[in-house]
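S.K.: Sequence first, then the predicted structure, then my questions.
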Amino acid sequence: MSEIEYEVREQDLVAFNEYQLNGSSAVKKILRMHRATVPALIVITALSIYFYYKDLASALYVGGAGLIWAIAVPYYFRWSWRKQIQGRFTAEMKAVVCGATTLRITPEGLVELRGGVQSKLPWRELLRIELTPRYAFIFTDVDSAVIVPRETLTRGDLQQFVRSADAYIEKAS
């Protein structure tokens with residue numbers, strides 16, 4: 001049996017939701033539009049001003065606005081989404097989800113121990129495990145997962161844990 005111990009923080013909840021957002025095709029489309037399409041239209045407008053009116057200063061201002069748009073607006077959207085995500089978590093929800101956690105692999109499923117409360121997740125209910133440089137996400141549903149932050153891992157080998165859990169998930173599927 002493999003076991004890991006770690007702590008979940010509020011920033012880890014936000015990171016998981018941002019991870020979900022970044023994987024969304026709708027979000028990718030919005031960001032692509034504001035990084036490329038809108039700035040391209042603004043630059044075309046700037047070129048039109050320059051060639052039609054022969055006004056270099058105005059064309060440079062409009063072109064500069066397009067460049068600023070391409071850089072600033074996607075950052076603003078991410079900042080806004082992060083604030084909205086943080087606002088979704090109530091104090092009660094944070095108390096339940098955040099804190100020291102122990103995950104143990106058993107033949108029946110994944111056992112999670114948090115705050116003295118033990119819960120079992122059968123292997124057939126786990127969808128997949130996704131690894132990022134900072135996290136391991138053990139998906140229990142399309143939009144929910146057990147979050148394992150690498151930097152707060154205090155005991156156990158995450159790579160070995162993931163390999164073992166993946167093998168059980170594959171067998172159960």
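M.R.: Perfect, thanks for sending it. Numbers count the residues shown, from 1 in each chain.
S.K.: Show me what the longest helix anywhere in the chain packs onto, helices and strands only.
M.R.: When the chain is parsed with DSSP state H, its longest helix is helix 56-88. Judged by 3 or more CB pairs under 8 Å, 6 or more residues apart in numbering; DSSP states H and E, the packing partners of helix 56-88 are helix 10-23, helix 25-32, helix 38-53. No exception for glycine: its C-beta is placed from N, CA and C like everyone else's.
S.K.: how about the spatially most central residue of the chain, what does it touch?
M.R.: Averaging the C-alpha coordinates of the chain gives a centre point, and the residue nearest to it by CA atoms, centre = their mean is Y19 (1.4 Å). Taking CB atoms under 8 Å, 6 or more residues apart in numbering as the contact definition, Y19 lies against 132, 135, 137.
S.K.: How about E10?
M.R.: Under the criterion of CB under 8 Å, 6+ apart, the contact partners of E10 comprise 86, 89, 94, 98.
S.K.: and the closest residue in space to L153 that isn't next to it in sequence, what are its phi and psi?
M.R.: Once flanking residues are discounted, L153 sits nearest to Y6: 4.6 Å by CB to CB, 6 or more residues apart in numbering. For Y6, the backbone dihedrals are phi -160, psi 180 (criterion: degrees, to the nearest 10).
S.K.: Next, count neighbours for Y6.
M.R.: Residue neighbour count, defined by other CB atoms under 10 Å, stands at 22 for Y6.
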